[in-house]
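S.K.: Take this sequence and fold it.
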Amino acid sequence: MSDQIRNTCPQTQQQVIDTYFMEHRAKLLDIAAYLDRIDRGRGENPNDFRDVAFRKALAVLSSSEPNRAKKILELFSDYSDEIPQSAHGMKGAMGAVRQVSGVRE
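M.R.: Numbers count the residues shown, from 1 in each chain. As a prediction, this is how the structure comes out:
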């Protein structure tokens, strides 16, 4: 990681760990519980686009590359200029972008 990216936080790395570790430990446990619930669910894996995006985000999170938050946000972002239509009481926002034949819908 370059010093330009690395030295943008006013805290030391140890201060960041001391301040935020417990909060983020809890978030990781929430994610683990969510994945366990999916594993215990009945039926076959539905290959849901949101789950696919979530697991791709976990891979980005596990990398040592810089700008992980930006990459994950982009993974979940919909850059289309179409107005989402309501369907079955839903407002259109799904939290991830549905892929259609390898193209973002």
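
S.K.: Output the below-cut-off pLDDT ranges for the chain.
M.R.: 1-6, 83-93, 99-105 (pLDDT under 70).

S.K.: Show me the longest helix that occurs in it.
M.R.: Assignment by DSSP state H gives helix 13-40 as the longest helix of the chain.

S.K.: what residues are up against I72?
M.R.: I72 makes contact with 57, 60-61, according to Cβ atoms under 8 Å, 6 or more residues apart in numbering. The way it works is simple: take the backbone N, C-alpha and C, and place the C-beta from them, glycine included.

S.K.: Distance-wise, check it relative to D81.
M.R.: 22 Å (Cβ to Cβ, to the nearest Å).

S.K.: D39 now?
M.R.: Taking Cβ to Cβ, one finds D39 at 37 Å from D81.

S.K.: Looking at those two, which has the bigger crowd around it?
M.R.: D39 (8 against 5; other Cβ atoms under 10 Å).

S.K.: Could you tell me how far S64 is located from T19?
M.R.: When S64 is compared with T19 (using Cβ to Cβ), they lie 21 Å apart.

S.K.: Same question for N7.
M.R.: In terms of Cβ to Cβ, N7 sits 17 Å off from T19.
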